[in-house]
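Colleague: structural data only, the sequence is not supplied:
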């Protein structure tokens, strides 16, 4: 019996039962056994894969012979020399800057609207959610024709309003807005998160504010915004990460056909990385590209998390 | 919860100073004191909101209606934007199966999505149970790693994972599209752990006293209680797998079209009929196929709506 002060308190508590060691050996082994699938997967498919990816990025990898010849920093130098890397990075960042705020605004507006009707919000929520269930290939095959500059339904609709619609899929300036439009159609996942957050804002806050004579706008900025700031930043971070990795829509609209020439403005980082890795099999260079976007995403995420720690109001901090 | 009380006066307090005069009619609604949401406007406000919602509903539904109509049109009319086809050609629905190996694609996708969803549900709940109920060294650190992998961009592991499957001789098979799910998936582990932590611990300890093994605790008690959250995980993964284009492009693209999944198959059909690739513009088949592979997802949502909504809301809460 060691007479440490901790052993007294331990004996008093009904559980956990008195223990000689910090961990019960049987329990610890059982716990590790339960998490072993993840542990194994993490060591091989995540940590091992990341380290191997880092290693490959310093080599010329040949898939045919499964050999990696040392390349030093050549792949990383190529990141700077290959104009397509910077082009793709620029396109992707531009897309993210355009898409993320619009997604947040549209999703929050829809959530506010749904939250303010007395009945029927469940029905509309279902309807708005359907695009989110639609496979990207189906969305793309429809939008490819809807966005057609000459006969597409969107430009026909605009023409009916007297607006001359752009060549969505041909004009370099309108390619990113086209993809944003497709993304906005399926924005309901974000909307549902906002809706859940809005439902958690205590009704009394609005009642008190109304008694104090605060208008709707004032209520939105002084009550709603701080109360849902957690969801706001969560969506902000998640949407940014997703936007920086955009692939499906760009691939389906512009790169599905390997023979056709796609416009420069549609070359997104994820697409170029995919091409380098699995069409050209330049594994070394593609791995260097992967690490560049990894670092960029990490830096942006850290900045966003820092920001959120400053501005987010957490209801229950543990 | 506790901190709410501390913070509320601060939030509201800032409102009290520059109070604009309340518009007439505003106070009456408060005095009524009923349960109706406050910020719903009057009757007029409700009508305006409904009109707005119906307009937005039309915008959201239009692509579906357009797709439905296009799937019944003959070749030359697919682009005509009519929501009621000028010429009805229901034969598209029969002919698409001759044109494209659609049944193969659906069969492949069903198999892969089922395998992916079942495996990830079982493995993630095993892991989650380990994190929720047992004390072992580095538990907090390891769970932190689970959370960290949720943020990890897929690009940095894409190539080594390909090399692993390549060395196992499995590139060209559908194993890489579901095999990694044996190891659980971070977000589902997180969600399932939350669920287990919500179950009363006493249930497990009583069963332990009764001589049930650790495995018995999981299999006999935790597993049956978890059906609702299993449904969420299953549905999410099924949908994610059904829609997964990139993995199919990487692992199946070089093989026979019969091995394709639904997304890869339709992507290939978009090329096949494209005039620039030597096709004749028979996009009506792409439309039929798109519609047929979207329908199962809509049905899935119709039956599992509350699970999807709940799952998404959980995502938001982890932030």
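Modeller: Received it, and whenever you're ready, just let me know what you need. Note that the coordinates shown come from a computational prediction; the quantities given were computed from them, not determined experimentally. Residues are numbered from 1 along each chain as shown, chains lettered A, B, ... in the order given.
Colleague: can I see the domain layout of chain A?
Modeller: Domain assignment for chain A by automatic domain parsing gives A:23-75, A:77-311.
Colleague: tell me the buried residues in stretch B:137-151?
Modeller: B:139, B:142, B:143, B:145, B:146, B:149 (16 or more other Cβ atoms under 10 Å in any protein chain shown). Backbone N, C-alpha and C define where each C-beta goes, glycine included.
Colleague: try stretch A:75-87
Modeller: Per 16+ other Cβ under 10 Å, stretch A:75-87 contains these buried residues: A:75, A:76, A:78, A:79, A:85, A:87.
Colleague: list the contacts of that stretch.
Modeller: The contact list for stretch A:75-87 (Cβ atoms under 8 Å, 6 or more residues apart in numbering or on different chains) reads A:57, A:58, A:264, A:267, A:272, A:284, A:285, A:287, A:288, A:289, A:292.
Colleague: just those that are near chain B?
Modeller: Among the contacts of stretch A:75-87, proximity to chain B is found for A:287, A:289 (Cβ under 8 Å from any Cβ of the partner chain).
Colleague: out of the contacts of stretch A:75-87, which are buried?
Modeller: Members of those classed as buried by 16+ other Cβ under 10 Å are A:57, A:58, A:267, A:272, A:284, A:285, A:287, A:288, A:289, A:292.
Colleague: residues touching residue 67, list them.
Modeller: Looking at chain A here, since you left the chain open. residue A:61.
Colleague: actually it's chain B I care about, not the one you picked
Modeller: A:138, A:142, B:287, B:290, B:291, B:294.
Colleague: picking up where we left off before, check the buried ones among the contacts of stretch A:75-87 and tell me the two furthest apart.
Modeller: Across the buried ones among the contacts of stretch A:75-87, the longest distance by Cβ to Cβ is 25.3 Å; it joins A:58 and A:267.
Colleague: picking that back up, I'd like the buried residues of stretch B:137-151 laid out as JSON lines, including secondary structure and distance to chain A.
Modeller: Formatted as JSON lines, those follow (DSSP: H, G, I helix; E, B strand; the rest coil; distance: Cβ to the nearest Cβ, whole Å):
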{"residue": "B:139", "secondary structure": "helix", "distance to chain A": "7"}
{"residue": "B:142", "secondary structure": "helix", "distance to chain A": "7"}
{"residue": "B:143", "secondary structure": "helix", "distance to chain A": "9"}
{"residue": "B:145", "secondary structure": "helix", "distance to chain A": "7"}
{"residue": "B:146", "secondary structure": "helix", "distance to chain A": "7"}
{"residue": "B:149", "secondary structure": "helix", "distance to chain A": "6"}
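Colleague: which one of the domains of chain A lies nearest to residue B:238?
Modeller: domain A:77-311 (11.0 Å).
Colleague: could you count how many residues lie near residue B:279?
Modeller: Neighbour count of residue B:279, defined by other Cβ atoms under 10 Å in any protein chain shown: 14.
Colleague: from residue A:133, how far out is the residue nearest to residue A:228 when sequence neighbours are not counted?
Modeller: Closest residue to residue A:228 apart from its sequence neighbours, by Cβ to Cβ, 6 or more residues apart in numbering or on different chains: residue A:197 at 4.1 Å. Distance of residue A:197 to residue A:133, computed by Cβ to Cβ, to the nearest Å: 22 Å.
Colleague: and the longest helix for chain B?
Modeller: With secondary structure taken from DSSP state H, chain B has its longest helix at helix B:283-317.
Colleague: buried residues in the helix or strand where residue A:296 lies?
Modeller: Assigned by DSSP states H and E, residue A:296 belongs to helix A:283-311. For helix A:283-311, burial by neighbour count (16+ other Cβ under 10 Å) applies to A:283-294, A:296-297, A:300-301, A:304, A:308.
Colleague: burial measure for the closest residue to residue A:134 other than its chain neighbours, as a count.
Modeller: Among residues not flanking residue A:134 along the chain, residue B:294 sits closest, at 5.1 Å (Cβ to Cβ, 6+ apart). Neighbour count for residue B:294, taken as other Cβ under 10 Å: 23.
Colleague: perfect, I'm done here.
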